[in-house]
Each structure stands twice: as C-alpha cells, then as structure tokens.
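Q: sequence-free structure coming up:
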C-alpha cells in the first residue's frame, strides 16, 4: 500500500463517507470537506446542488425536490447519485481539466463485499478517474494518525464515521483483525432526536441533532457540564419552541 501511495503523487485520496466526503491532495492537504448530500429535482432528475448547498436544503425544499444521501452505512446505496456527487467533488478539486485525469485512492469500510468494492471503483471511473485504488478505512486512519503500521507491534484504531464504526488491529503493514459495525454518528443523531421527542415533546431536525451532538456531546462525565439551547417544533402546540439541555442529557441519549 505504501508503494501505491507514493505512486499516487499529487493525485487524490477520497474519504467517501455516509455523512461527509473529504478530498485530500498530496502537497495541499484536505482541500474539500462537504456533506455527502445531493439535491435532486424528482421531476427532471437533474442535480440542483451537491454537498454543503444541498444539505442546507434538507427539510426546506418543495415536494418535487429531495435531498438524497447516496451512501448508507458506509457503502453505496444509490450508484447513479454517488457517481454524480463524486464527479462534482473531483471536478471541483481537479480544476485543471487539460491535465491528465487524476488517480484516486478511495477509503472503504473494512467489512464491505467485493460487489460493494466494485461499485466504489466503478463510481470513481465514471466520475473521471484514470485509476482507482481501494484502501480500508482503519488503515487509512492509522496512516493519517502517524501510527507505526509497518512495525511488528499492534496498533488499535477505532474510526467512528457517519454510517459505520471501524475497529481494527494493525501490524506489519496489514490489518490483523477488524470489525465493521454499521452504526455511527448518524445513529447518535437519531438517538438524540428520539430522546428530545420523548422527554420534551419537541421535534428536532437532523441538522439540529448533529449540531448539538458536536457542541455538547460527550462519552464520559466532564467538569462543569455545558448547556445549550435547542430549537425545534413543539409536538403539542405545533409552534416553534426553545429549550435548554445539559451535556449529561445528550450523553444519556447516545
């Protein structure tokens, strides 16, 4: 894999995630980090927006416009939409069209099937890549964290994504054992939505749940538990309502 990475040169590495897609270019670093969302007009099947602009449309679009997340649990659920999204991101980064098509490394969950790997590669080629390589997410995370992956010592990686959580032990340049659980940050968001609905009769959107998770969510008790305001729709009156919740409550929810 190290030889492959050196072969890539200044081409791209893509972390095609359920929640967000990141694009890295050697020598420039991470040049794109946007939501894995595509807004589509259902009548014409045309793409109206991709990434951040598409995510802003979630819950705010007319009936004929839908915001689609083309990846589910870390793998491609909607091939055509994934290909359009990937093409958009690649072209957004690879602006010098007169140069050779980029070679791309794509991160995938460790537990995906050969068919799913083929779908990822096909999407990359359809999006304009000259060559597509696959690397398992735990290995990519370990390399990115600077762990000594080629040494004869065990390195454990826990990579929590939007749709999957990857746990792996890496040694001597390979994955010794790994487990991919199709539960991640998206499930935490839904847990927060359900908790607030049950405890406060308040309906939250996905964006609000994610924001509160990032703002005051924690896995363990912390000193001076922070609080934050949440705004949603009261399920009793149907009117907008604002409440204040503590980090302890969000921790309990997730």
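A: That came through fine. Every value quoted in this text rests on a predicted model; they were computed, and no experiment measured them.

Q: residue 151 versus the closest residue to residue 46 other than its chain neighbours, what's the distance?
A: Spatial nearest neighbour of residue 46, excluding adjacent residues (CB to CB, 6 or more residues apart in numbering): residue 40 at 7.0 Å. Heads up, the C-betas are built off the backbone N, CA and C, glycines and all. The spacing between residue 40 and residue 151, counted by CB to CB, to the nearest Å, is 47 Å.

Q: what residues of whichever strand or helix holds the residue nearest to residue 46 count as buried?
A: According to DSSP states H and E, residue 40 maps onto strand 38-41. By 16 or more other CB atoms under 10 Å, the buried positions in strand 38-41 come out as 38, 39, 40.

Q: residues of the strand or helix carrying residue 193 that come out buried?
A: Element membership for residue 193 (DSSP H and E) is helix 185-200. Across helix 185-200, burial judged by 16+ other CB under 10 Å covers 185, 186, 187, 188, 189, 191, 192, 193, 195, 196, 200.

Q: just those residues now: which is nearest residue 206?
A: Nearest to residue 206 among the buried residues of helix 185-200, counting by CB to CB, is residue 189 at 5.8 Å.

Q: confidence score at that closest one?
A: If you check residue 189, the pLDDT there is 94.

Q: for it, which non-adjacent residue is spatially closest?
A: Among residues not flanking residue 189 along the chain, residue 209 sits closest, at 4.2 Å (CB to CB, 6+ apart).

Q: for that neighbour, grab the count of nearby residues.
A: Residue 209 has 25 neighbours, counted by other CB atoms under 10 Å.

Q: now residue 36
A: Residue 36: 27 surrounding residues under other CB under 10 Å.

Q: need the per-residue pLDDT for it.
A: Per-residue pLDDT puts residue 36 at 92.

Q: and residue 53, by the same measure?
A: On the pLDDT scale, residue 53 is placed at 90.

Q: wait, is it part of a strand?
A: No. Judged by DSSP: H, G, I helix; E, B strand; the rest coil, residue 53 forms no part of a strand; its state is helix.

Q: please parse this structure into its domains.
A: Annotated domains of the chain cover 2-144, 185-253 [automatic domain parsing].

Q: and the helices in the stretch 101-250 of the chain?
A: If DSSP state H, counting those that start in this stretch is used as the criterion, the helices of the stretch 101-250 of the chain fall at 114-126, 137-144, 185-200, 206-216, 247-253.
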